[in-house]
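*Asks:* coords please:
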Amino acid sequence: LRPPSGSRLLNEVFDELRCVVQEGRLGQPDVAQDVLEFAYLAAKPGSFHDGATDIVDLTAYSAILLDAMEKYPASSILTLWMVEALLSIYNAAGNHRMQLAVPLFV
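*Replies:* Take a look at the predicted model:
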């Protein structure tokens, strides 16, 4: 894996990963870089500022990250970034944190 560039938009990378999931390619080595990029962008401070991101989107982002954690269990770098991203999403959820807490922490 290369260090994430951070040059793409979070929604753009998410849309690509959603297509990858639908195609059944999540877990393949060539997709790992996109997963890293998505996790980096989601974990980056300010990614979810002022509650501007809808809880539906936060839930979808969490779902992709949780699926990716299952598909790349041997990658400590990916796991580190995905956990950081999940914590950022959890913190951004505001009053909806409990909706995310069950799938994230149970």
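
*Asks:* Can you get me the start-to-end distance on stretch 37-54?
*Replies:* End-to-end span of stretch 37-54 (CA to CA, to the nearest Å): 21 Å.

*Asks:* Please state the offset of that stretch from the chain centre?
*Replies:* Distance of stretch 37-54 from the chain centroid (CA atoms, centre = their mean, to the nearest Å) equals 9 Å.

*Asks:* Could you do stretch 2-19 as well?
*Replies:* How far stretch 2-19 lies from its chain's middle: 10 Å, per CA atoms, centre = their mean.

*Asks:* Could I have the CA atoms of that stretch written out in CSV?
*Replies:* Output of stretch 2-19 as CSV, limited to C-alpha atoms (Å, rounded to 0.1, in the frame of the first residue of the first chain):
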residue,chain,number,x,y,z
ARG,A,2,1.1,3.5,-0.7
PRO,A,3,0.4,6.4,1.6
PRO,A,4,-3.0,7.9,0.9
SER,A,5,-3.0,11.0,-1.3
GLY,A,6,-6.1,12.7,0.1
SER,A,7,-6.7,14.4,-3.2
ARG,A,8,-10.1,12.8,-3.9
LEU,A,9,-13.4,13.6,-2.4
LEU,A,10,-14.9,11.3,0.3
ASN,A,11,-18.1,10.8,-1.7
GLU,A,12,-16.3,10.0,-4.8
VAL,A,13,-14.2,7.2,-3.2
PHE,A,14,-17.3,5.9,-1.4
ASP,A,15,-19.2,5.6,-4.7
GLU,A,16,-16.4,3.6,-6.2
LEU,A,17,-16.2,1.3,-3.2
ARG,A,18,-20.0,0.8,-3.2
CYS,A,19,-19.6,-0.4,-6.9
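
*Asks:* which parts of it are buried?
*Replies:* Of the residues in stretch 2-19, those with enough neighbours to count as buried (16 or more other CB atoms under 10 Å) are 4, 10, 13-14, 17. C-beta: built from backbone N, CA, C; applies to glycine.

*Asks:* Please narrow those residues to those residing in helices.
*Replies:* Secondary structure assignment by DSSP state H places 10, 13-14, 17 of these in helices.
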